[in-house]
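[1] This is a predicted model, with the sequence first.
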Amino acid sequence: MSEPIIALSGIRREYPSGEGTIAVLKDVDLSIEAGEMVAIVGASGSGKSTLMNILGCLDRPTSGSYRISGVETSALDVDALAALRREHFGFIFQRYHLLGELTALGNVEIPAIYAGVSPNARQERAEALLARLGMAERVGHRPGQLSGGQQQRVSIARALMNDGQVILADEPTGALDSHSGEEVLRILGELHAEGHTVIIVTHDMSIARRAQRIIEIRDGSIVADNRNTVEGEDGATSSPAIEEKPPSEIKTSRLRGFLSSFQEAFRMALLAMRAHKLRTFLTMLGIIIGIASVVSVVALGKGSQQRVLENISSLGTNTLEIFAGKDFGDVRSGKITTLVVSDADALASQPYVAAVTPTVSTSSTVRFGAKESNAMISGVSERYFVAKGTKLSEGRFFNASSVLEKTQEVVIDENTRKALFADLNESPVGKVILIGTVPARVVGVTKTQQGGFGSSQNLSLYLPYTTVQARFLGSLSLRSITVQVNDETSTALAEKAVTQLLTLRHGTKDFYILNTDDIRETITSTTQTMTLLVAAIAVISLVVGGIGVMNIMLVSVSERVSEIGVRMAVGARRSDILRQFLIEAVLVCLVGGLAGISVALGFGGLFSLFSSNFSLVYSTTSIVAAFVCSSLIGVVFGYLPARNASQLDPVAALSKG
Ligand code: ADP
Ligand code: MG
């Protein structure tokens with residue numbers, strides 16, 4: 001005689017209780033042949049469901065041997081048990097356990113998804129099964145739109161989906177009215193007639209009498225096992241049998257199984273996100289803010305750095321500025337009078353120098369008509385404007401002969417124009433203003449230099465330095481000398497040579513030199529450090545966002561415990577469950593990341609609308625990094641909740657329904 005399809009021997013199931021344990025099943029021996037229809041009866045609490053869960057490989061016995069078609073199950077791992085549930089068993093539960101977010105068709109398809117059946121094949125089969133059970137018109141309905149009897153028929157279709165040999169029904173009519181219950185029993189009878197092994201748990205003897213064999217269980221032990229040959233077959237009335245697919249058609253393919261369960265996980269993630277829109281959005285918000293701030297901060301840093309560097313370039317490349325005084329910020333530098341025009345002349349004759357611009361400065365009141373204001377007076381040479389890259393909005397600069405002749409020509413800036421000539425409708429060029437007591441004719445107006453160091457509310461006037469020396473300072477000393485080094489010489493080398501020359505001329509080092517290359521380097525590294533610092537703070541907000549994702553995913557898992565139980569009961573592997581929740585977390589983070597990037601780009605657009613000074617510079621690297629970063633957050637912070645979900649115990653999960 002061949003092996004029975006189910007063979008239990010010495011099965012014991014204990015639950016921890018207080019100090020010790022209580023045995024719910026005690027040394028159960030039972031064997032069931034393929035094609036039998038068996039009813040398990042007993043009072044409530046006698047251990048029927050516990051036995052059923054062990055039969056269906058949802059639960060493991062504490063001790064004893066359970067063989068399915070001769071294969072010992074105690075040695076199998078969780079995935080092998082999942083495969084048995086998927087391929088050999090179909091479950092029908094008292095409370096249907098359908099997934100509320102899926103249609104009837106979607107619910108019936110689930111076991112086939114985990115078995116790796118192609119979408120077309122599984123849809124066709126699910127439709128055929130539902131049609132056979134009289135549900136052809138209801139395939140698109142959700143469980144909430146179906147009556148109890150209809151829901152139970154959907155769950156029967158699901159149990160049949162993978163063509164499992166054994167149908168396990170735990171109180172299948174317990175929640176149904178007598179008519180629907182009768183219908184369900186008729187279907188089970190038909191399935192038996194078609195060759196399925198059907199095991200029904202019930203506490204109702206009138207239902208049990210439809211089976212060929214009635215097993216009675218009391219306090220965890222089998223107390224009776226009766227064959228009931230007379231009435232056994234009468235439930236099986238004729239009805240069109242389901243066109244059975246040849247087994248090859250629903251064979252599993254590993255790759256396809258992986259792909260379709262990936263697809264399924266993706267679909268479920270979208271459904272879950274849609275079902276909790278506000279919650280999903282709030283979760284995302286953390287990621288959106290985090291990503292948006294990181295991307296914007298980096299772009300701001302880049303933008304301001306670029307801007308500052310542009311300004312430095314307008315100082316001229318290869319430029320040294322020589323100031324009187326011991327060091328930058330020497331308070332007496334204004335009074336040190338050792339830097340003189342002859343120094344500038346000496347420098348001009350050096351082979352490594354391309355151009356020299358002496359500068360002097362003072363401040364004074366300026367007056368035009370009734371308007372009066374304070375202004376910074378810079379005495380410069382005509383080369384100054386070239387070296388600084390100053391642009392005119394009107395008029396002209398003074399020239400070399402103006403410097404020689406100490407003309408009283410003045411170039412004013414935009415601030416001065418606003419302060420003195422606001423009421424004037426015509427151009428200020430050609431007007432004479434009073435600087436202190438010295439009259440000077442306006443020859444040009446400069447454009448505002450944007451975002452530079454000196455972009456302030458100060459009024460700035462530019463006169464020939466000779467004029468300033470003669471008319472305002474009464475001395476020949478200079479505030480600074482700007483030296484443009486020629487292209488062949490490095491600024492560092494030139495700086496050394498200049499230091500040597502001037503130290504020799506003055507007998508001591510009473511000056512200091514600003515090298516624009518140094519400034520550039522300092523500013524580059526400073527803005528980089530600042531950007532890094534602020535970005536680090538923004539990264540903290542990302543981490544906080546990630547913790548938010550983890551928190552919500554944990555909530556989501558605990559809300560969906562019964563869904564997880566159902567999926568496991570129909571054969572989902574642990575990895576399927578893990579993947580589903582991981583994908584959900586990654587999806588939330590990715591969508592949040594994309595939204596964050598768009599927010600950052602939008603912010604940049606808005607920024608450039610309101611500030612012409614500088615724009616945010618987005619690097620592709622930072623955007624790609626943000627994208628990768630948000631998916632990583634999903635994986636890292638989604639892993640714990642997803643793992644928790646995948647390690648749930650199927651029986652415990654189902655009982656939460
Ligand atoms: P039935 O389905 O026959 O009504 P069950 O198999 O569900 O009975 O339960 C049998 C006994 O096992 C009950 O007394 C129940 O309290 C106990 N039991 C079931 N599950 C657990 C569990 N997870 N922990 C502790 N006791 C349990
Ligand atoms: Mg029960």
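    Yep, that arrived. Numbers count the residues shown, from 1 in each chain. Ligands and ions are numbered 1, 2, ... in the order given.
[2] Would you map the strands across the stretch 251-400 of the chain?
    Here the stretch 251-400 of the chain has its strands, by DSSP state E, counting those that start in this stretch, at 319-324, 353-368, 371-380, 392-395.
[3] Over to the stretch 101-250 of the chain?
    Secondary structure of the stretch 101-250 of the chain, counting by DSSP E, counting those that start in this stretch: strands at 166-170, 197-202, 213-218, 221-227.
[4] average pLDDT for the shortest one?
    Along strand 166-170, the predicted confidence averages to a pLDDT of 95.
[5] which strands and helices sit next to that strand?
    Counting contacts by 3 or more CB pairs under 8 Å, 6 or more residues apart in numbering; DSSP states H and E, strand 166-170 packs against helix 48-55, strand 89-92, helix 148-160, helix 178-193, strand 197-202. (Glycine included, C-beta is placed from N, CA and C.)
[6] Buried residues, the last one. List them.
    Judged by neighbour count using 16 or more other CB atoms under 10 Å, the buried positions of strand 197-202 are 197, 198, 199, 200, 201, 202.
[7] Show me how far that strand is from its chain's centre.
    48 Å (CA atoms, centre = their mean, to the nearest Å).
[8] Give me the angle between it and helix 48-55.
    Between strand 197-202 and helix 48-55, the angle comes out at 160 degrees (axes from the mean of the first three to the mean of the last three CA atoms, to 10 degrees).
[9] My read is that residue 275 contacts residue 101, right?
    Yes. The criterion here is CB atoms under 8 Å, and residue 275 meets it with residue 101 at 6.0 Å.
[10] Could you list the low-pLDDT ranges of this protein?
    Applying pLDDT under 70 to the chain picks out residues 1, 229-253, 257, 312-317, 327-336, 449-456, 612-614, 657.
[11] Residue numbers of it in contact with ligand 1?
    Selection of the chain residues close to ligand 1 by CB under 6 Å from any ligand atom yields 15, 24, 42, 44, 45, 46, 47, 48, 49, 50.
[12] Just the buried ones from those?
    Among the residues of the chain next to ligand 1, those buried by neighbour count (16+ other CB under 10 Å) are 24, 42, 46, 47, 48, 49, 50.
[13] Farthest pair within these?
    Pairwise distances across these peak at 11.8 Å for 24 and 42 (criterion: CB to CB).
[14] just to revisit the earlier point, between all of the buried residues of strand 197-202, which two are separated the most?
    Distance extremes for the buried residues of strand 197-202: the farthest pair is 197 and 202 at 16.5 Å, using CB to CB.
[15] Pull the contacting residues for the closest residue to ligand 1 within the stretch 451-600 of the chain.
    The stretch 451-600 of the chain approaches ligand 1 most closely through residue 565 (13.0 Å), counting by CB to the nearest ligand atom. In this structure, residue 565 makes contact with 97, 648, 650, 651, 652, 653, 654, 655, 656, 657, judged by CB atoms under 8 Å, 6 or more residues apart in numbering.
[16] Let me know how buried residue 72 is, in neighbour terms.
    Per other CB atoms under 10 Å, the neighbour tally for residue 72 reads 11.
[17] Show me what counts as buried in stretch 584-593.
    For stretch 584-593, by 16+ other CB under 10 Å, it's 584, 585, 586, 587, 588, 589, 590, 591, 592, 593.
[18] Just the ones of those in strands?
    Counting by DSSP state E, none of the members of these fall within strands.
[19] Closest one of those to residue 498?
    Proximity of the buried residues of stretch 584-593 to residue 498 (CB to CB) peaks at residue 593, which lies at 52.6 Å.
[20] Am I right that that closest one is in contact with residue 629?
    Yes. Using CB under 8 Å, residue 593 is in contact with residue 629, at 7.2 Å.
[21] Provide a list of residues in contact with residue 42.
    48, 203, 216, 217, 218.
[22] Which residue, neighbours along the chain excluded, lies closest to it?
    Using CB to CB, 6 or more residues apart in numbering and skipping the chain neighbours, the partner closest in space to residue 42 is residue 217 (3.9 Å).
[23] partners of the one you found in the sheet?
    Legend: beta-bridge partners of residue 217 under DSSP bridges are residue 222.
[24] you'd agree it is up against residue 44?
    No. Residue 217 sits out of contact with residue 44 when judged by CB under 8 Å, with a separation of 11.4 Å.
[25] how about the nearest residue to residue 83, chain neighbours excluded?
    Using CB to CB, 6+ apart, the nearest residue to residue 83 is residue 571, at 6.9 Å.
[26] For the residue nearest to residue 42, grab the count of nearby residues.
    Residues lying near residue 217 (other CB under 10 Å) number 23.
[27] I'd like to check which residues are in contact with it.
    28, 40, 41, 42, 46, 47, 48, 51, 223.
[28] Can you give me the distance of the fourth one to residue 214?
    To tie it back to what came earlier, the one meant is residue 42. In this view, residue 42 and residue 214 are 10 Å apart by CB to CB, to the nearest Å.
[29] likewise the third one?
    Residue 41 sits 6 Å away from residue 214 when distances are taken as CB to CB.
[30] Which residues lie in contact with the single nearest residue of the stretch 501-650 of the chain relative to ligand 1 in this structure?
    Of all residues in the stretch 501-650 of the chain, residue 649 sits closest to ligand 1, at 8.8 Å by CB to the nearest ligand atom. The neighbourhood of residue 649, defined by CB under 8 Å, 6+ apart, consists of residue 59.
[31] same thing but 7 Å
    If a contact means CB atoms under 7 Å, 6 or more residues apart in numbering, then residue 649 has no contacts.
[32] And it, its phi and psi?
    Residue 649 adopts backbone torsions of phi -80, psi 130, taken as degrees, to the nearest 10.
[33] for residue 40, same thing?
    With angles defined as degrees, to the nearest 10, residue 40 sits at phi -110, psi 120.
[34] Pull the number of nearby residues for it.
    Count around residue 40 with other CB under 10 Å applied: 27.
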